[in-house]
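Visitor: Everything below, folded, please.
(4 chains)
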Protein chains: 2
Amino acid sequence: MTDKFIVYLVDDDAGVLKALSRLLRGKGYDVRPYLSPRVFLEEHDATVPGCAVLDVSMPGLDGLELQRALTVANGFHRPVVFVTGKGDIPTSVRAMKAGAIDFLTKPVKDVDLFEAVSRAEGRDAEMRRLQSELESMQAKVDTLTPREREVLTHVVAGRLNKQIAGDLGTVEKTIKVHRSRMMEKLGIRTVADLVRMAEKLSRTK
Amino acid sequence: MTDKFIVYLVDDDAGVLKALSRLLRGKGYDVRPYLSPRVFLEEHDATVPGCAVLDVSMPGLDGLELQRALTVANGFHRPVVFVTGKGDIPTSVRAMKAGAIDFLTKPVKDVDLFEAVSRAEGRDAEMRRLQSELESMQAKVDTLTPREREVLTHVVAGRLNKQIAGDLGTVEKTIKVHRSRMMEKLGIRTVADLVRMAEKLSRTK
DNA sequence: CGTCGAGTTGGCCCTTGGGCCAATGCTCCG
DNA sequence: CGGAGCATTGGCCCAAGGGCCAACTCGACG
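Guide: So this is what the prediction gives:
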């Protein structure tokens, strides 16, 4: 479960690939080198923790396109560190705007690469923590019946049982039952926690 | 109050300054040109809406330093757009990491500049909206007595009056009074709203 | 010294929330 | 057809929230 953090290295230059691999492996990272961006993308599994270290200019699929392709995973992005030999400012700016962790120029200084990969690791961990938290909450919400969900939104809005009953065209007693079952299913005891949960879920989607 | 959005233009090249001024004024922007970054910084008033369009390389105080100086305002930054004639990738990356809106290379394309300034305007407006919301909430919280503040935190934590009383070494009745006055001062009626307010305040600071 | 704000507490009473048990009506599925 | 799941409702009772009025203590301030 606590999969090891993996560095996906993609560069069409075999020499660079080997050099960077050695460097990162020396630091203890689990490195997966790819000469072909396409092969990397095919094999890529967004569910395992890791970051991508990409060359910007590659034949077929360039770094920025690859970055975009890695960016679609349900709101979360695979952290990307760019490495380039012949990049320009507009490209670096586009990469950073698209959320790249860093954009390094060759020859890459070891410390810069380590610092970038380390930041990528931190961000990846934080993203996964957040994502799993959201998923587990969403999973619980998904077990609610339609009625319970309606009641949930009204409760979060601060409405009284009586008012909710009026809104939904039923009586207070019924709302109490839905409300109770809803809290039970969500594993939540207080309205405060309920509101916080709802806020987290709504803030991201 | 609804001050006009101002573009602070800082470039040590008088020609560029004039050209960009004309360009932005033509778009209807209120432009304030500065040849000296120091003078700009001295006169700068973070309370008025606006963005800065900075040349990266200037004598005395370069663009990145200026950006950092503009970044300290109580958690909020003055949006910055960079313009440069002789920048390099590391510089652009540092600028973007530091939160720059964009980093344009001369000759600057009109559309790029307009797009960047427009984005800056949007971000500035959003920042100010958020900030004024936070300030108004914080102002209300500041009117609370120490005891009321303690009760506030316990209520937000989902504790019952009885439990809060135990924690604070007093009785339920006392908590009810503090709680009631606290809600009154905050202008809030439901626990749901209280929790949301507390979340917003805690999330930023 | 007297007032004022803050913190406390009591009593009284009403409203809300919520648990327990029981029961009904409906729809969908095997 | 006979459950299963869902929505609904009633009664009963207790716990928790909250308004209103009154009162007391204490330290600060003039």
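Visitor: any idea how far residue B:92 is from residue A:118?
Guide: Residue A:118 sits 22 Å away from residue B:92, going by Cβ to Cβ, to the nearest Å. For glycine as for every other residue, the C-beta is placed from the backbone atoms N, C-alpha and C.
Visitor: quick check: domain ranges of chain A?
Guide: Following automatic domain parsing, chain A resolves into domains at A:6-130, A:143-204.
Visitor: can you list those in CSV and add mean pLDDT and mean neighbour count?
Guide: As requested, the domains of chain A are exported to CSV (pLDDT from 0 to 100; neighbours: other Cβ atoms under 10 Å in any protein chain shown):
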stretch, mean pLDDT, mean neighbour count
domain A:6-130, 93, 18
domain A:143-204, 96, 16
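Visitor: so which of these gets nearest DNA strand D?
Guide: With Cβ to the nearest atom of the strand, the closest approach to DNA strand D among the domains of chain A belongs to domain A:143-204: 2.8 Å.
Visitor: residues contacting the spatially most central residue of chain A?
Guide: What sits nearest the mean C-alpha location of chain A, by Cα atoms, centre = their mean, is residue A:76, with 2.7 Å. Neighbouring residues of residue A:76 by Cβ atoms under 8 Å, 6 or more residues apart in numbering or on different chains: A:46, A:127, A:128, A:131.
Visitor: What about DNA strand C: which of those residues touch it?
Guide: Residues of those in contact with DNA strand C (Cβ under 7 Å from any atom of the strand): none.
Visitor: which one among these gets closest to chain B?
Guide: residue A:127 (17.4 Å; Cβ to the nearest Cβ).
Visitor: can you tell if the longest helix seen in chain A touches DNA strand D?
Guide: In chain A, taking DSSP state H as the definition, the longest helix is helix A:110-142. No: residues of helix A:110-142 are not located near DNA strand D by Cβ under 7 Å from any atom of the strand, the shortest gap being 10.7 Å.
Visitor: and that helix, what other elements does it pack with?
Guide: For helix A:110-142, the packing partners by 3 or more Cβ pairs under 8 Å, 6 or more residues apart in numbering or on different chains; DSSP states H and E come out as helix A:14-26, strand A:50-55, strand A:80-84, strand A:102-105, helix A:172-186, helix A:191-204.
Visitor: Relative to residue A:5, which of these is closest?
Guide: In terms of Cβ to Cβ, the element of those nearest to residue A:5 is strand A:50-55, at 5.7 Å.
Visitor: ok and that closest one relative to helix A:110-142, angle-wise?
Guide: Per axes from the mean of the first three to the mean of the last three Cα atoms, to 10 degrees, the angle that strand A:50-55 makes with helix A:110-142 is 140 degrees.
Visitor: Now do the helix or strand following strand A:50-55 against strand A:80-84, angle only.
Guide: The helix or strand immediately downstream of strand A:50-55 is helix A:63-70, counting by DSSP states H and E. Counting by the same axes, to 10 degrees, helix A:63-70 points 170 degrees away from the direction of strand A:80-84.
Visitor: Nothing else from me, thank you.
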